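Novice: give me a model of this one.
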Amino acid sequence: MQALLHLSRLIDALNERVGKLILWLVLAAVLISAGNAVIRKAFNISSNAFLEIQWYLFAGVFMLGAGYTLLRNAHVRIDFVSSRLSARSNAVIDSLGLVLVLMPLAVLMIDLSWPLFMRAWVSGEVSGNAGGLIRWPVLLLIPAGFALLLLQAVSELIKRIAFLRGALPEPFSTESEKSDAQRLAEELAAVAEAPVGSPRRERKG
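Specialist: Prediction:
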């Protein structure tokens, strides 16, 4: 189990580094978008390359950030349901979802997207827009993103199994701060479980 937990920590470190890289992609997208808008308005000059690089950067943030989002436990949950379940029940549900849904989906998407990237790489495919960019970098983001997501799914599965076996105190290595939706779900659950006639807490904010 310790060897698997070590592997999990290595995967977490990889996606943590990718997550920090994504911050720079966001900054680059903002600067390019602002610069393109200023040049277009001031000098009536524009380029499809500037527009497409913004799309490429957005695709990079979206695809490469999937594994980081899973690491941070920031993906979409049905908070009202999960907040009412025990940590063990949530760990079991998560494990089944990882094995039966997420991991097969990631493998399928890697298998389907890799040939698209290879064709674009071999042919030197270029965007059909005038002055457009080559296509293979953005197509590579698809298998790369799902590969990072698959690796993180393996890491999360290891952590949940370790938690169920008593080798970890918590099923998550990193938990994001509670969102407003999570806090509201917890408050609604508390109200539903409170005895009839008991005073209700006022919601802050």
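Novice: contacting residues around Val92?
Specialist: By C-beta atoms under 8 Å, 6 or more residues apart in numbering, the residues touching Val92 are Arg160, Leu164. Every residue, glycine included, has its C-beta placed from N, CA and C.
Novice: ok, for the most centrally placed residue in the chain, nearest residue in space, not its chain neighbours?
Specialist: Geometric centre of the chain, nearest residue: Ala66, 2.3 Å, by C-alpha atoms, centre = their mean. Leaving out its chain neighbours, the residue that sits closest to Ala66 by C-beta to C-beta, 6 or more residues apart in numbering is Leu149, at 4.4 Å.
Novice: and that neighbour, how far from Ala29?
Specialist: Distance of Leu149 to Ala29, given as C-beta to C-beta, to the nearest Å: 21 Å.
Novice: out of these two, which sits in the busier spot?
Specialist: Leu149 (25 against 18; other C-beta atoms under 10 Å).
Novice: for the helix or strand harbouring that one, which positions count as buried?
Specialist: In this assignment (DSSP states H and E), Leu149 forms part of helix 136-164. With burial defined by 16 or more other C-beta atoms under 10 Å, the residues of helix 136-164 counted as buried are 136, 138-163.
Novice: do a quick rundown of the strands in this structure.
Specialist: With DSSP state E as the definition, the chain shows no strands.
Novice: the lengthiest helix in it packs against which elements?
Specialist: Criterion DSSP state H: the longest helix present in the chain is helix 2-43. Applying 3 or more C-beta pairs under 8 Å, 6 or more residues apart in numbering; DSSP states H and E, we find helix 2-43 packed against helix 48-71, helix 136-164.
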